[in-house]
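Trainee: Please find the sequence and the predicted model below.
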Amino acid sequence: MRHARAFGIAGLVVLAVGAVAFAQSTVQPLPDAPPVETRDLNDNAVAELAEATYGDAQRGAQLAGTCAACHGLDGNADADPSLYPRIAGQNERYVAHQLALFKSGQRQSPIMQPYAMPLSAQDMRDLGAHYAQQSSGAGIADDAVVESGPYAGMKFYEIGQTLFRSGNTERGIPACMACHGPAGSGNPGPAYPHVGGQQAWYSAARLYTYREGQTLEDNRHLFDVMASVARQLSDEEIEALASYMQGLHHRPDPAMLAAIEAQAAATPAPATMPENQPVPATDPSAQQAQDAEPAPQAQ
Ligand code: HEC
Ligand code: HEC
């Protein structure tokens, strides 16, 4: 990297010398200088987030115009769910953090990087606040019966449901809902993302990445939390979890929530994981969604 910068500076010097010679014989404007400083600035995108304050959703809504073509106006990616993830209902901090990772190149996406590039740290949090206020839709979980293998006889999504709610203690897989909440709405405080209703292909892709354990992130802490969760999962389990989460609604009916919570109390929380409180029904983002769009059966 040091060499790259040295060459960049050397390149500038050559350009500058060339420019002087050029200027003596012609009045044509100089070409733009190569952006030698850009990389350093982008490298700081993640660190700069610490200086931004809680996002302003109204400002975020204005910025979100550029994102709408792919993620939809409200972040539900309804136009093409097979290509773009849902970001409606995602936590303010998670959105901002992922945008900073895209901008710095620590999370690689040739599609997202150009959109993250012009954003300041405050823009990222403002966008995050906007999406956090939108209510997430959900898809449908796959209920085909599994014909062979260790889960033969179960409906496909039930494989995911069991792991999501209870994990597998023998194999060291913690219950997903210990961190992501029974409805998958995440936890705005410690930046555990909302996963309920997410497109199955997208959740699966994320889980495969975590299982591979490779990241360019400078600070691997959050990535590694999920890497250690995903390490034990088979392909079938990843696909089933993703299918279950796709069908997981933001607003399950109250009786189901109570049943899930009772089960959560009976399941030991993963001892080695930090901040693993189950997210209760008072999760503010779930509450917000309820306020915004009341479930017909709850009225
Ligand atoms: C041209 C289409 C496109 C546009 C425009 C776009 N995105 Fe994305 N976005 C994607 C794709 C594709 C991904 C998945 C990238 C991957 O994981 O490889 C993504 C991923 C994301 C993620 C990560 C989601 C998660 O749960 O991990 C966030 C956050 C995001 N985009 C926010 C934005 C914001 C904010 C804007 C506008 C400033 C925007 N996107 C504009 C296509 C787009
Ligand atoms: C100990 C807490 C914890 C547990 C348990 C946990 N997760 Fe996570 N999960 C996280 C954190 C933290 C992140 C964000 C990681 C990052 O920044 O890349 C995350 C990210 C994710 C994402 C990516 C979301 C997105 O939009 O990019 C998915 C999908 C996911 N988890 C699914 C699961 C599943 C499925 C399980 C159960 C098998 C599970 N998680 C268990 C903490 C946890």
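Mentor: Looks like it came in fine. Ligands and ions are numbered 1, 2, ... in the order given.
Trainee: which parts of the protein sit against ligand 1?
Mentor: Residues of the chain that fall close to ligand 1, judged by C-beta under 6 Å from any ligand atom: 66-67, 69-71, 84-85, 87, 90, 95, 98-99, 109, 111-112, 115, 127. All C-beta spots, glycine's among them, are computed from the backbone N, C-alpha and C.
Trainee: which of the residues you listed are buried?
Mentor: Buried members of the residues of the chain next to ligand 1, counted by 16 or more other C-beta atoms under 10 Å: 67, 70-71, 84-85, 87, 90, 95, 98-99, 112, 115, 127.
Trainee: Looking at the residues you listed, which one is closest to E239?
Mentor: Closest approach between these and E239, by C-beta to C-beta: P85, at 16.5 Å.
Trainee: so which helix or strand takes in the residue nearest to the closest one when sequence neighbours are not counted?
Mentor: Leaving aside its sequence neighbours, P85 sits nearest to Y202 (C-beta to C-beta, 6 or more residues apart in numbering; 4.3 Å). Element membership for Y202 (DSSP states H and E) is helix 200-212.
Trainee: which residues are in contact with that helix?
Mentor: Residues from elsewhere that reach helix 200-212 (C-beta atoms under 8 Å, 6 or more residues apart in numbering): 82, 85-86, 139, 142, 195, 215, 223, 226-227, 229-231, 233, 238-239, 241-243, 245-246.
Trainee: Among the residues you listed, which ones lie close to ligand 2?
Mentor: Contacts with ligand 2 within the contacts of helix 200-212, as defined by C-beta under 6 Å from any ligand atom: V195, F223, M226, V229, L241.
Trainee: is it true that G75 touches Y84?
Mentor: No: look at G75 against Y84 with C-beta atoms under 8 Å: they stay out of range, at 9.7 Å.
Trainee: domains of this structure?
Mentor: For the chain, automatic domain parsing gives the domain ranges 42-135, 156-270.
Trainee: can you list those domains in a markdown table and add mean pLDDT?
Mentor: Formatted as a markdown table, those follow (pLDDT from 0 to 100):
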| stretch | mean pLDDT |
| --- | --- |
| domain 42-135 | 95 |
| domain 156-270 | 89 |
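Trainee: between the ones you listed, which gets nearest to P150?
Mentor: Nearest to P150 among the domains of the chain is domain 156-270 (8.0 Å), distances taken as C-beta to C-beta.
Trainee: so how far is ligand 2 from the residue nearest to S109 when sequence neighbours are not counted?
Mentor: Leaving aside its sequence neighbours, S109 sits nearest to F102 (C-beta to C-beta, 6+ apart; 5.8 Å). Applying C-beta to the nearest ligand atom, to the nearest Å, the value for F102 to ligand 2 is 12 Å.
Trainee: residues in contact with F102?
Mentor: S109, M112, Q113, Y115, A116.
Trainee: need the residues of the stretch 151-299 of the chain near ligand 2, please.
Mentor: Within the stretch 151-299 of the chain, the residues that sit near ligand 2 (C-beta under 6 Å from any ligand atom) are 163, 173-174, 176, 178-180, 192-193, 195, 203, 206-207, 222-223, 225-226, 229, 241, 270, 273, 276.
Trainee: Now do stretch 204-224: distance from first to last residue.
Mentor: Start-to-end span of stretch 204-224 (C-alpha to C-alpha, to the nearest Å) is 17 Å.
Trainee: How about stretch 70-86?
Mentor: Distance across stretch 70-86, first residue to last, is 10 Å (C-alpha to C-alpha).
Trainee: Now do the helix or strand hosting R165 against helix 200-212: the angle between them, please.
Mentor: According to DSSP H and E, R165 maps onto helix 156-166. Interaxial angle, helix 156-166 versus helix 200-212 (axes from the mean of the first three to the mean of the last three C-alpha atoms, to 10 degrees): 50 degrees.
Trainee: what residues does stretch 86-93 touch?
Mentor: Contact with stretch 86-93 is made by 54-55, 67, 71-72, 74-77, 95, 125, 128-129, 131-132, 134-137, 185-188, 191-194, 196-199, 202, 250, 285, 289, as judged by C-beta under 8 Å, 6+ apart.
Trainee: now stretch 46-59
Mentor: By C-beta under 8 Å, 6+ apart, the residues outside stretch 46-59 that reach it are 92, 96-97, 100-101, 104, 106, 120-122, 124-130, 132-133, 218-219.
Trainee: Helices - which of the residues you listed land there?
Mentor: Judged by DSSP state H, these include 92, 96-97, 100-101, 104, 121-122, 124-130, 132-133 as members of helices.
Trainee: Give me the neighbour count for A262.
Mentor: By other C-beta atoms under 10 Å, the residues close to A262 number 9.
Trainee: Distance check, P85 against K155.
Mentor: 25 Å (C-beta to C-beta, to the nearest Å).
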